[in-house]
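K.L.:
Pasting a predicted model and its sequence here:
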Amino acid sequence: MWEHERLVVRTGKRSGMTTMVALHSTAAGPAVGGCRMKPYARITDAVEDVLRLSKAMTLKCEAAGIPHGGAKSVIVADRELTPEVRRAVLLDHADLINEFGGAYRAGPDVGTGPDDMLVLRELTPHAYCLPEEHGGTGSSSGPTARGVLAALRAAARHTFGTSDLTGRRVVISGFGSVGELIARGLHGADIVVSDVDGGRRTDEFGWVEPDQAYRTKADVLVPAAVGGVLSPETVRDLDVRLVVGPANNQLTDDGVAALLEERGIVWVPDHVASAGGVIYTLAREDDGADHETALKKVDRIEATVEELLRTSRHDLPIGM
C-alpha cells in the first residue's frame with residue numbers, strides 16, 4: 001500500500017523507547033526528513049504517521065527539484081523526557097540512523113531542534129541543522145515561513161488578483177515558531193491566530209480557540225500545526241477562498257482535494273508550500289551556498305506555485 005523501500009522499528013538499548021525510520025524513496029538520491037519526537041496513543045499510530053510523512057517528503061523534494069528522496073523518523077515519547085532520558089533515546093536513534101548507511105539523513109521536526117541534532121551527531125554524521133555555533137544552519141523555521149509567504153503571494157494573485165493581502169482576514173491555525181513568523185510577515189493583513197497552547201495568545205493578533213479555527217470566516221486559512229486537519233467534514237465548514245500552510249499531510253485522504261475544488265477553495269499542496277526549510281538547509285549544508293543564495297532558492301517557491309496554479313486543469317475565477 002505504501003510502496004516504501006524500508007521501515008525499521010527498534011527498541012533502544014539505552015532508553016527502552018521505540019524509535020523508527022521510514023525510508024520512502026532513494027530513487028533521486030539519499031532520503032532526507034525530520035526526526036519527530038512526540039507521544040502516540042499506540043505504536044501503530046506512530047507507524048502510520050512516519051509512513052505518511054516520509055511519502056510527503058519524497059513529494060516535497062520532487063516538487064522543489066531537490067536531488068533527494070523522502071524519509072522520516074519518529075521517536076515515541078512514552079514517558080517523561082528528562083534530560084537524561086532525552087539524551088539516551090537520541091543516542092538510540094542515532095544508532096538506528098546509522099543502520100541506513102547514509103541513505104537516510106535526519107533533521108529537526110516536531111519535538112526536536114538543533115540541540116537534538118547535535119546529540120545525534122555524536123554517533124552519526126547523518127544529521128542536519130546543528131546549532132550555528134557548531135557549524136550548522138540552526139532552526140529551519142525561518143526559511144520554512146519564508147517559503148510559505150512566497151507560496152501565499154502566488155496563490156493570492158491567482159485567487160484575488162493581487163499578492164497584497166492588506167485588509168484581508170487570515171486565520172493561522174498553529175502559532176508556533178513557523179506560524180508566528182508567517183503572521184509577522186503578513187503586513188497589513190487582519191491576522192487571527194489559534195493554538196492548543198493558550199499561553200501563545202497575544203494582544204498583537206486576534207485569537208480564536210482551536211476548535212473554531214476551521215469554522216472562522218476569512219479570506220485565507222493557514223494550517224500551521226499538525227496534519228490531517230482537512231477532512232470532508234472540515235471542508236464543509238470552511239468559509240475561506242484560499243488555503244496555504246506549512247502543516248504536513250493536511251488532507252485526511254486524497255479525495256479531500258476534489259472537495260475543496262468543488263467548493264471553489266484554492267488549496268496549495270503542503271509539500272509545495274512547506275519546502276522552504278529543506279531547500280535552504282540542503283543548499284547551505286550540501287551545496288555550500290551562502291545565506292542569501294539559499295534564500296533566493298526558497299523564494300522560487302513563488303514561481304513554482306504560480307506555475308502549478310496556472311496549469312491546473314480547472315482555473316478558478318480571479319477576484320471576488
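P.N.:
Alright, I've got the coordinates. Numbers count the residues shown, from 1 in each chain.

K.L.:
Identify the residues contacting the closest residue in space to Asp299 that isn't next to it in sequence.
P.N.:
With Cβ to Cβ, 6 or more residues apart in numbering as the criterion, Asp299 has its nearest non-adjacent residue at 5.3 Å, and that residue is Ala150. Backbone N, C-alpha and C define where each C-beta goes, glycine included. Ala150 sits next to 276, 298-302, 305 when contact means Cβ atoms under 8 Å, 6 or more residues apart in numbering.

K.L.:
Please, which helix or strand holds Val222?
P.N.:
Using DSSP states H and E, Val222 sits within strand 220-223.

K.L.:
buried set for that strand?
P.N.:
The neighbour-count check on strand 220-223 (16 or more other Cβ atoms under 10 Å) flags 220-223 as buried.

K.L.:
Among these, which one lies nearest to Thr202?
P.N.:
Sorting those by distance to Thr202 puts Val222 at the head of the list, at 16.3 Å, by Cβ to Cβ.

K.L.:
Would you agree that closest one is in contact with Leu181?
P.N.:
No. The criterion here is Cβ atoms under 8 Å, and Val222 misses it with Leu181 at 11.3 Å.

K.L.:
Give me the helices and strands touching the longest helix along the chain, please.
P.N.:
With secondary structure taken from DSSP state H, the chain has its longest helix at helix 43-64. Contact partners of helix 43-64 among helices and strands, from 3 or more Cβ pairs under 8 Å, 6 or more residues apart in numbering; DSSP states H and E: strand 6-11, strand 18-23, strand 31-38, strand 69-76, helix 270-273, helix 276-285, helix 301-310.

K.L.:
Tell me what angle the last one forms with helix 276-285.
P.N.:
Looking back up the chat, that one is helix 301-310. Put simply, helix 301-310 runs at 140 degrees to helix 276-285, going by axes from the mean of the first three to the mean of the last three Cα atoms, to 10 degrees.

K.L.:
and helix 301-310, average pLDDT?
P.N.:
For helix 301-310, mean pLDDT is 96.

K.L.:
what do you get for the fifth one?
P.N.:
For helix 270-273, the mean pLDDT works out to 96.

K.L.:
which residues sit against it?
P.N.:
56-57, 59-60, 63-64, 147-148, 151, 223, 227, 244-250, 301, 304-305, 308.

K.L.:
picking up where we left off before, make CSV out of the buried residues of strand 220-223 and add pLDDT.
P.N.:
Formatted as CSV, the buried residues of strand 220-223 follow (pLDDT from 0 to 100):
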residue, pLDDT
Val220, 98
Leu221, 98
Val222, 98
Pro223, 97
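
K.L.:
Mind picking the one among those residues that's closest to Tyr40?
P.N.:
When those are ranked by distance to Tyr40 (Cβ to Cβ), Pro223 comes first, at 20.5 Å.

K.L.:
Give the bridge partners for that closest one, please.
P.N.:
On the basis of DSSP bridges, Pro223 is bridged to Ser173.

K.L.:
so how far is Pro246 from it?
P.N.:
Separation of Pro223 from Pro246 (Cβ to Cβ, to the nearest Å): 8 Å.

K.L.:
and if you look at Ser139?
P.N.:
Taken as Cβ to Cβ, the span from Ser139 to Pro246 is 13 Å.
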